[in-house]
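J.: the following block contains a protein sequence and its predicted model.
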Amino acid sequence: MNKELCLEEALSHIKSGMTLMVNGFLGVKSPETVIDAILERGLKDLTLIANDTSMPGVGVSKLIAQHRVKSLYTSHIGTNPETGKQMNNGDLDVVLVPQGTLAERIRCGGSGLGGFLTPTGVGTDVENGKKKMSVGGVDYLLEHPLRADVALLKGSVVDRSGNVYYRGTTKNFSQVMAMAADFVIVEAEEIVEIGALGPDMIMTPAIFVDAIVQSGALAGGASLVRDGYAQ
């Protein structure tokens with residue numbers, strides 16, 4: 001099944017007020033094409049789940065800058081002054097989540113789990129409003145799963161059925177986010193035919209991907225598969 005869609009068709013699945021998960025670490029391998037299209041469509045009142053809010057002008061920071069996000073779940077905001085400004089002004093509801101906890105909450109959301117216990121945050125502001133319990137004499141916080149209406153990911157190489165390869169550490173949150181959303185859009189640097197990716201190269205199986213959009217041609221007709229980067 002060919003899941004490649006034009007950008008407009010893929011974006012029809014995103015509405016104002018939805019919860020979005022977006023991959024990327026400080027903007028590295030953020031789905032810039034899709035983010036720009038969200039801005040152009042005027043979508044707003046979004047709840048954003050992301051590791052960070054990048055740096056000004058990069059990735060999800062553009063959603064923050066144009067006040068398209070009303071609620072944010074993230075592990076840090078220090079690289080984007082605009083996020084802190086909106087939080088302090090009361091324009092943006094920010095929930096700071098320890099990075100490992102954020103990843104595990106997303107994983108739970110994708111695995112059908114009701115949550116997990118972690119000692120991270122015990123005795124700090126992180127525990128405010130959360131259920132605390134003791135197991136074996138150790139205090140833990142109950143952290144609840146996170147899910148989204150739509151996940152926006154960036155893949156290095158994607159075949160037309162939706163199998164995804166991420167180069168190096170650019171996979172960051174992509175694998176868990178792909179499992180924790182009702183609809184998954186992957187922006188691909190390179191789209192290849194089904195079968196071009198060997199089984200060991202597939203990091204997100206096609207079963208988790210609903211739509212693929214082209215991020216733009218690689219310079220000079222390069223191919224990550226042909227040139228050995230996806231080996």
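T.: Nice, thanks for sending it over.
J.: can you map out the strands along this structure?
T.: 19-22, 46-49, 69-74, 93-96, 116-118, 132-135, 138-143, 148-159, 164-165, 181-192, 211-214 (DSSP state E).
J.: what pairs with the fourth one, parallel or antiparallel?
T.: Sheet pairing here is set by DSSP bridges, and for strand 93-96 it gives strand 69-74 (parallel).
J.: next, the angle strand 148-159 makes with the partner strand.
T.: Using axes from the mean of the first three to the mean of the last three Cα atoms, to 10 degrees, the direction of strand 69-74 lies 70 degrees away from that of strand 148-159.
J.: circling back: would CSV of the strands of the chain with mean pLDDT and mean neighbour count be doable?
T.: Any C-beta I mention is one placed from the backbone N, CA and C, and that applies to glycine too. Listed next are the strands of the chain as CSV, based on pLDDT from 0 to 100; neighbours: other Cβ atoms under 10 Å:
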stretch, mean pLDDT, mean neighbour count
strand 19-22, 98, 25
strand 46-49, 98, 22
strand 69-74, 98, 20
strand 93-96, 96, 14
strand 116-118, 97, 16
strand 132-135, 96, 10
strand 138-143, 97, 16
strand 148-159, 97, 26
strand 164-165, 97, 28
strand 181-192, 97, 22
strand 211-214, 97, 22
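J.: so which of those gets nearest residue 87?
T.: With Cβ to Cβ, the closest approach to residue 87 among those belongs to strand 93-96: 4.5 Å.
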